[in-house]
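> Would you be able to build a 3D model of this:
(chains A and B)
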Amino acid sequence: MHSYPQPILKLIAELARLPGIGPKTAQRLTFYLLSREKAQIAELVLSIAEAKEKVGYCQQCFNWAVGGLCPLCQQSGRKEELLCVVQDPRDVAAIERTHDFRGLYHVLHGAISPMDGIGPEELKIRELLYRLERGTVREIILATNPNIEGEATALYLARLIKPLAIKVTRLAHGLPVGGDLEYADELTLARAIENRREV
Amino acid sequence: MWVESVRLRNFRNYFAEDVSFSPHINLIVGSNGEGKTNLLEALFLLATTKSYRLAHEKEMVCIDRDTFYVSGEAVLQGDIKHTLEISYSQKQNKKQAKVSGIPVVRLADFIGILNVVCFSPDDLNIIKGAPGLRRRLLDILLSQIDRVYLSVLQQYGRVLRQRNECLKAVQRGRMRPTEIWPWTEQLATLACQVTERRFKAVNELTTSYAAISKGINQGKENLSLRYMSSLIKDSHLYTPTEVTESLQRRQTEEVARGITTIGPHRDDLFFLINGLSAADYASQGQQRTAVLSLKLAEMEYMYKVTGDYPILLLDDVFSELDQKRRQLLLTTLSGRIQALITGTETLEWPWSGERDRCNIINIRQGKVI
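A predicted model of the protein is given here:
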């Protein structure tokens, strides 16, 4: 490594700071980039800068957006009275893939986790309450992750929202569809039995 | 169940060694520091993925090596064979486990395929030692036979850490008191699940514990166990709602102290002699009777739950037991249970007549000789 010129070392170090990229991959990417045409590199640099420049949070739901509102908030025919609260923009994409949900979203950008110093203040919760004050929302679906931090966030929100006379629901816990019962872990299975429903 | 053989690679002081066992009593003989205990540790690792000496994985890798590998050929429920493998790489700081060649997704799925009961010199302090030792004993026992217990316990531990961090943050004014309760509510549910499982297990254990100890002390004293919990009053287990209420009443105090003051992490297992606390006045001999009875009761309990006796690991405690207790132990084991018993060369094995029936494994510097 020490034999490389300074600019190469710097690029490797920068790339290695990216999530999921270790020193080896960073090195490989660096040499790949160096072997490309100048124009191609310029385009990459430009697209990174442009994305950073233009993309921000949606003013309403805090999903990624170019300009004021994200495409989903602008879409006509969305049910404004139904709001799905998620932790991450990737969760919006996941739910959108179902094509089943026609309401709007609110992205919290994380979950409450005192161990990591994340409290409600660090999340987009104040913005959510502000949004609810407008009175159009009738039901909130809490779609935070089914782990203890996601659960804590959902419980916290449920208590805040209930006094506002808005229906609060939580995603069901249970078995994956199309899977085998025998492969389910014990806790999921226990939850599924606990939350069984009449057919 | 029993283990036919283990394969050790770069594990502790074993560079490369394969060791075969008999399904009955195996005497592991060697001087101090030759690696007798390491062999038992390997078996414990195959059952629980951890060291019973609370060692970190990197301490278990041979000096100057990166990765240890331990595998065992286990025979379960009479004739079902499984190869259990576990390896750890320091560089990747990663532990991997396989069952019959297939990697497990979560290490938790590996725990409990092989069951062990371990009796080491540390256990002799269990009655008078810190409560954490006794909780750990119950956790090791239950984790091996109850998958749900293990996941509930892990979740409880995580919620507890989050809640304590939250209490401290409130104390320092970084969070508001209203932010505690999502943790309180989750903690209450999990606390009840952990407590209920431990309580039931201790109630089951105490029956065979009382019977076994009577056999050792010829009925002179009545020995029993009791699970002492802040969530149990007059054999009634609090509901999650009651626990939540109780935690809310304590909130001011808990914020001031920055810790959660009730729950299974504060509970204890009481050893009683004629209804009185053994921790207060049990003699050395009475303590030994109690611990030995407990270990045998653990084996009976595991048998009752799984239909298979666990493997007994006796680390250097045989010499601590007197003739009568040794005899009882051997009678209990005879024919049904695989045991790995360590001792120094100088130890006079007590049952010279039976010695021939034991498989003797001589260990010197990480090698079978």
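> and the helix or strand hosting A:Leu128, anywhere near chain B?
Per DSSP states H and E: A:Leu128 is located in helix A:125-133. No: Helix A:125-133 lies apart from chain B when judged by CB under 8 Å from any CB of the partner chain; the minimum separation is 10.6 Å. Every C-beta, even on glycine, is put in place using the N, C-alpha and C of the backbone.
> Go ahead and name everything in contact with that helix.
For helix A:125-133, the external contacting residues (CB atoms under 8 Å, 6 or more residues apart in numbering or on different chains) are A:60, A:62, A:83, A:85, A:106, A:108, A:137, A:140, A:157, A:160-161, A:164, A:166.
> pLDDT averaged over that helix - what is it?
Taken as a whole, helix A:125-133 carries a mean pLDDT of 94.
> Alpha carbons of that helix, in PDB - could you do that?
Extracted C-alpha coordinates of helix A:125-133, given in PDB (Å, rounded to 0.1, in the frame of the first residue of the first chain):
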ATOM      1  CA  ILE A 125     -41.900  12.900  15.300                       C
ATOM      2  CA  ARG A 126     -42.600  16.600  15.900                       C
ATOM      3  CA  GLU A 127     -43.200  16.900  12.100                       C
ATOM      4  CA  LEU A 128     -45.600  14.000  12.300                       C
ATOM      5  CA  LEU A 129     -47.700  15.500  15.000                       C
ATOM      6  CA  TYR A 130     -47.700  18.800  13.200                       C
ATOM      7  CA  ARG A 131     -49.000  17.000  10.100                       C
ATOM      8  CA  LEU A 132     -51.700  15.300  12.200                       C
ATOM      9  CA  GLU A 133     -52.900  18.600  13.500                       C
END
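> Parallel or antiparallel, list what pairs with the following helix or strand past it.
Sequence order places strand A:139-142 as the next helix or strand after helix A:125-133, per DSSP H and E. When pairs are called by DSSP bridges, strand A:139-142 turns out to pair with strand A:79-86 (parallel), strand A:167-170 (parallel).
> would CSV of those with mean neighbour count and mean pLDDT be doable?
Output for the strands paired with strand A:139-142, formatted as CSV (neighbours: other CB atoms under 10 Å in any protein chain shown; pLDDT from 0 to 100):
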stretch, mean neighbour count, mean pLDDT
strand A:79-86, 19, 95
strand A:167-170, 15, 95
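> In a markdown table: those, plus distance to B:Arg364.
Formatted as a markdown table, the strands paired with strand A:139-142 follow (distance: least, CB to CB, whole Å):
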| stretch | distance to B:Arg364 |
| --- | --- |
| strand A:79-86 | 62 |
| strand A:167-170 | 62 |
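> Spatially central residue for the chain, please.
Here I'm looking at chain A. Geometric centre of chain A, nearest residue: A:Asp88, 1.3 Å, by CA atoms, centre = their mean.
> ah, I was thinking of chain B
Nearest to the geometric centre of chain B sits B:Ile140, at 3.4 Å (CA atoms, centre = their mean).
> Next up, the contacts around it.
By CB under 8 Å, 6+ apart, B:Ile140 lies in contact with B:Thr48, B:Tyr52, B:Cys118.
> Just give the number of residues close to the last one.
Translated: B:Cys118. 26 (other CB atoms under 10 Å in any protein chain shown).
> wait, doesn't it sit right on B:Pro310?
No: using CB atoms under 8 Å as the test, B:Cys118 is too far from B:Pro310 to be in contact (9.5 Å).
> Name the residues of the helix holding A:Leu128 that come out as buried.
Using 16 or more other CB atoms under 10 Å in any protein chain shown as the test for burial, helix A:125-133 gives A:Ile125, A:Glu127, A:Leu128, A:Arg131, A:Leu132.
> quick revisit: Serialize the contacts of B:Ile140 to a markdown table and add fields for pLDDT and distance to A:Ile8.
Shown next, in a markdown table, are the contacts of B:Ile140 (pLDDT from 0 to 100; distance: CB to CB, whole Å):
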| residue | pLDDT | distance to A:Ile8 |
| --- | --- | --- |
| B:Thr48 | 94 | 47 |
| B:Tyr52 | 86 | 49 |
| B:Cys118 | 94 | 54 |
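> of all those residues, which comes closest to chain A?
Taking CB to the nearest CB as the measure, chain A lies nearest B:Thr48 of the contacts of B:Ile140, at 17.1 Å.
> helices and strands of chain B: which one bottoms out on pLDDT?
When each helix and strand of chain B is scored by mean pLDDT, DSSP states H and E, helix B:323-333 comes last, with a mean of 80.
> Toward the C-terminus, what is the element adjacent to it?
Next helix or strand after helix B:323-333 toward the C-terminus (DSSP H and E): strand B:339-343.
> What would that following strand look like as CSV? C-alpha coordinates only.
Output of strand B:339-343 as CSV, limited to C-alpha atoms (Å, rounded to 0.1, in the frame of the first residue of the first chain):
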residue,chain,number,x,y,z
ALA,B,339,-19.3,-38.4,31.8
LEU,B,340,-16.0,-36.7,31.2
ILE,B,341,-14.1,-36.5,34.5
THR,B,342,-10.8,-34.8,34.9
GLY,B,343,-8.2,-35.5,37.5
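> now for that strand, which elements pack on it?
Applying 3 or more CB pairs under 8 Å, 6 or more residues apart in numbering or on different chains; DSSP states H and E, one finds that strand B:339-343 contacts strand B:25-29, helix B:36-48, strand B:311-314.
> That strand relative to helix B:36-48, how many degrees between them?
150 degrees (axes from the mean of the first three to the mean of the last three CA atoms, to 10 degrees).
> residues in contact with strand B:339-343?
The contact list for strand B:339-343, computed with CB under 8 Å, 6+ apart, reads B:21, B:24-30, B:36-37, B:39-40, B:43, B:311-316, B:318-319, B:333, B:349.
> Also stretch A:67-80?
A:58-61, A:63-65, A:92, A:96, A:102-105, A:136-137.
> any weak-confidence spans in chain B?
Along chain B, the model assigns pLDDT under 70 to residues B:345-356.
> So which residues on it come close to chain A?
For chain B, the contact set with chain A under CB under 8 Å from any CB comprises B:106, B:109, B:147-148, B:151-152, B:155, B:158-159, B:161-163, B:165-166, B:168-169, B:174-176, B:178-179, B:181-183, B:185-186.
> Mind jotting down where the strands sit in the stretch 251-369 of chain B?
Applying DSSP state E, counting those that start in this stretch to the stretch 251-369 of chain B gives strands spanning B:268-273, B:276-277, B:311-314, B:339-343, B:359-364, B:367-368.
> before we move on, the earlier item: check the contacts of strand B:339-343 for burial and list the buried ones.
With neighbours counted by 16+ other CB under 10 Å, these contain buried members at B:21, B:24-30, B:36-37, B:39-40, B:43, B:311-316, B:318, B:333, B:349.
> Leaving out sequence neighbours, find the closest residue to residue 137.
As the question left the chain open, I've gone with chain A. Computed as CB to CB, 6 or more residues apart in numbering or on different chains, the closest residue to A:Val137 that is not its neighbour in sequence is A:Leu83, at 4.9 Å.
> actually chain B
Sequence neighbours aside, B:Ile126 is the residue nearest to B:Leu137 in space, at 6.6 Å (criterion: CB to CB, 6+ apart).
> can you tell me which residues contact that neighbour?
So B:Ile126 contacts B:Leu133, B:Arg134, B:Leu137, B:Val291, B:Leu294 (CB under 8 Å, 6+ apart).
> Quick check: the farthest pair among the residues you listed?
Greatest spatial distance among the contacts of B:Ile126 (CB to CB): B:Leu133 and B:Leu294, at 12.0 Å.
> between the two, which one's more packed in?
Set B:Leu133 next to B:Leu294 and count neighbours by other CB under 10 Å: B:Leu294 wins out with 28 against 15.
> related to what we said a few turns ago, nearest to chain A, of the contacts of B:Ile126?
Of all these, chain A sits closest to B:Leu137, with 22.3 Å by CB to the nearest CB.
> doesn't B:Asp268 make contact with the closest one?
No: shown here, B:Leu137 and B:Asp268 do not form a contact pair, counting by CB under 8 Å, at 11.2 Å.
> Same drill for the two, tell me which one is more crowded.
B:Leu137 (19 against 16).
> Name the residues of the top helix by length along chain B that come out as buried.
Across chain B, the longest stretch assigned as helix under DSSP state H is helix B:181-217. Neighbour-count burial for helix B:181-217, counted by 16+ other CB under 10 Å, picks out B:181-199, B:201-202, B:204-206, B:208-210, B:212-213, B:216-217.
> Before I go, just wanted to say thanks for your time.
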